[in-house]
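Participant: Here's my sequence, what's the structure:
(chains A and B)
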Amino acid sequence: MITLADIADYMPMIKRPAPKFISESGARIYGVVAEFADPPAVYHAAEKFRDAGYTKWDVYSPFPVHGIEEAMGIKRTILPVAAFGAAMTGVAGALLMQYFMNDWDYQFIVQGKPTSAWEPFIPITFEMGVLATAFTCIGGMLMLNGLPRWHHPLFNSERFLKVSDDRLIIAVEAADPKFDPDATRRLLEETGGTHIELIEDED
Amino acid sequence: MAQISARAGAIPDDAYHTRLDAIARSPEMREDNITLPDAPAMKIAGVLGAVGVFSLLLVVIGGFVHNWSHALAAFEIGLFVCTAASLGSLFLVMIWHSLNAGWHVTVRRQFENIASLIPFCCLGLLVVIIVELIGPGHEGSGVLLTWLLDVKQGDHLVHHKSGYLNPGFLVVRWCVYAVVWSFLALRLRALSREQDRTGNRWLSRKMRFMSGWGLLITALTSAFASFDFLMSMDYRFFSTMWGVYFFAVSVLAAVSLASIILAVIRSMGRLTGVVTEEHFHDLGKLVFAFTCFWAYISFGQYFLIWYSNIPEETYFFIIRTTAQWKPLFVTLAFAHFVVPFVLLVPRVPKRSTLGLGLAGVYMLILTIADLVWVIRPMVYVDQPWAPTDPGVMAWWLDAAGVIGVLGIFGALLVRQIASAPLVPTKDPMLHEALAHKNYV
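Facilitator: Residues are numbered from 1 along each chain as shown, chains lettered A, B, ... in the order given. Take a look at the predicted model:
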């Protein structure tokens, strides 16, 4: 879920809180990343991080790793609930709109059918339901993912740019309450992570 | 076969058999988990068969007491629920084969069982034809098929359509349906059971090839069968949607019936770890999908006929949406679409054994109601009888027809289920089905 602090992170006009951790060069720390050899390795490492109680972290992979959601302890998205609500809103809105227009505000007889006939309303009701659902799904997906955005601190890492090609990477954010530069780095080492790297954030 | 097995994508024979052996040794595939005990199954089949035969006798009595159209309609409602379920199962089995699907393997045997009762349904259709042609109907012949009625013989439309709607061609078409459906269903079942014994994975390829041409032919024949026995009951009526409508009814009936069977088997403690909540979830999605598809198709059919307002077409809907049939029409719209839509949207009922079993029972009852709505209004349609006539109100006769055919169908089905393992034990995709998971 998005918090106000997340939004503030990417809005330059809002002053960000003072950094909790600072790198040797004095920059704000975004987090730590590590590479993993193969899907099983990253899967088991993810289980360790889940069990250690980390919440603000993610696994990056060029392909879907089956079961990684459970290994990471990710809860189901609330998007379906929002989509159902949007569908019902679209349906109700379409029906109200059509009854208002055809049967009340501007009665106009077409083909000798009654102005209150429900039949011609159904296709439009269906389309409005689908439209509202589709917009909610797309918009909700973008919102829940924190998109769109101009830039992400992870792209400051040269090695991370390869993640869409052939790397399996775990990134732990400094915003995580359990984050500690040394302890998190140690946990990454223990779980088999290599090329562990501290990522700096722009201020 | 050696050069084929060397193709990319196919694992070598020895690795394949190692995998089969490993699956066969796994605790899920132990004998008592994947078979039904014979004796109780035969007892259930006996009870169902006795109820069925008794109810069919009641139908014959109803023919004498009230009239033969009503008795035949009652028989046809039950018969078409069974035919729809069998044809829908045949469709699904062939669709899964031709798509080389993995998840369905552990539930496929039940669909094969339902589909393999198509010869029984064809026999029922033959009874319908015999009663229609030479039976004790009013005015010589023609009991439900109005184009056979003597009084209609001078009608322009009957004359115009006689190239298709004539008794000789009807019998020829029945022969084609019976041969094609029975061949496909029995052959697919036989190949699948042969694979259980031999473990020959190339039988799957054979079934896949058969499914390709089988799907095309079954799609055409099932559409024409629905024209012959359901749509042409009112010879004036025509709808280009009718074949698709019957397809929607078929697959819905098939998935509902299979859901009931699997829920019952699971609650008996069998198929543990073989048919899991993941498979129930997917069956539930199919029930949900075909509920919506049914609503889409039946509304599409109604909507265009309502708008274009052509007398031959609207007549079908006028008698089914007014007077005593209006409540059933409204009930179908809500109970067959709105209620299951809302109930099956969340994943919880789809994933639970009890939830999906109840959904199957509910949708099967609604499928019966749907066919009542199609068939039953034809009985007294051309007769100047009051709607309170004892014959019109004789609902016990309709109940007897449905229970009679479904009882015998159920008895044969239970025997089928008990006669072989509950899953295709040596299917090449079995490992995929056992590990099946919905990643959402």
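Participant: The residue of the stretch 301-440 of chain B found nearest chain A: how many residues sit nearby?
Facilitator: Closest residue of the stretch 301-440 of chain B to chain A, C-beta to the nearest C-beta: residue B:306 (5.3 Å). Every residue, glycine included, has its C-beta placed from N, CA and C. Burial measure for residue B:306: 17 neighbouring residues, criterion other C-beta atoms under 10 Å in any protein chain shown.
Participant: how far away is it from residue B:247?
Facilitator: As judged by C-beta to C-beta, to the nearest Å, residue B:306 and residue B:247 stand 22 Å apart.
Participant: Name the helix or strand for the residue of the stretch 301-440 of chain B closest to chain A, please.
Facilitator: Element membership for residue B:306, per DSSP states H and E: helix B:277-308.
Participant: ditto for residue A:33
Facilitator: Using DSSP H and E, residue A:33 falls within strand A:28-36.
Participant: what residues does the next helix or strand after that strand touch?
Facilitator: With elements assigned by DSSP H and E, the helix or strand that comes after strand A:28-36 is helix A:39-52. Contact partners of helix A:39-52, identified using C-beta atoms under 8 Å, 6 or more residues apart in numbering or on different chains, comprise A:36, A:57, A:59, A:61, A:65, A:67-68, A:71-73, A:168, A:170, A:172, A:178, A:187-188, A:190-193.
Participant: Name only those of those that count as buried.
Facilitator: Neighbour-count burial (16 or more other C-beta atoms under 10 Å in any protein chain shown) applied to these gives A:36, A:57, A:59, A:61, A:65, A:68, A:71-72, A:168, A:170, A:172, A:187-188, A:191-193.
Participant: Inside helices: which ones of those residues?
Facilitator: Assigned to helices by DSSP state H, the following of those qualify: A:68, A:71, A:72, A:187, A:188.
Participant: Report the mean confidence score over the helix or strand that contains residue B:50.
Facilitator: Using DSSP H and E, residue B:50 sits in helix B:38-65. For helix B:38-65, mean pLDDT is 90.
Participant: And it, what's buried?
Facilitator: B:41, B:44-45, B:48-49, B:51-52, B:55-56, B:58-59, B:62-63.
Participant: which residues touch the closest residue to residue B:363 other than its chain neighbours?
Facilitator: Distance criterion C-beta to C-beta, 6 or more residues apart in numbering or on different chains; nearest residue to residue B:363, sequence neighbours excluded, is residue B:256 at 4.1 Å. Contact partners of residue B:256, counting by C-beta under 8 Å, 6+ apart, are B:85, B:287, B:359, B:360, B:361, B:363, B:364, B:367.
Participant: on that earlier part again, can you narrow the contacts of helix A:39-52 to ones near chain B?
Facilitator: The subset of the contacts of helix A:39-52 within reach of chain B, by C-beta under 8 Å from any C-beta of the partner chain, is residue A:67.
Participant: residue closest to the middle of the chain?
Facilitator: Defaulting to chain A. Taking C-alpha atoms, centre = their mean, the centroid of chain A lies closest to residue A:145, which sits 2.0 Å from it.
Participant: Oops, wrong one, chain B.
Facilitator: The structure's chain B has its C-alpha centroid closest to residue B:85; by C-alpha atoms, centre = their mean the separation is 1.3 Å.
Participant: May I see the buried residues of stretch B:233-244?
Facilitator: B:233, B:234, B:235, B:236, B:237, B:238, B:239, B:242, B:243, B:244.
Participant: So what would you say the end-to-end distance of that stretch is?
Facilitator: Stretch B:233-244 has an end-to-end distance of 18 Å (C-alpha to C-alpha, to the nearest Å).
Participant: Any residue of that stretch touching chain A?
Facilitator: No - using C-beta under 8 Å from any C-beta, stretch B:233-244 stays clear of chain A, with a minimum separation of 15.1 Å.
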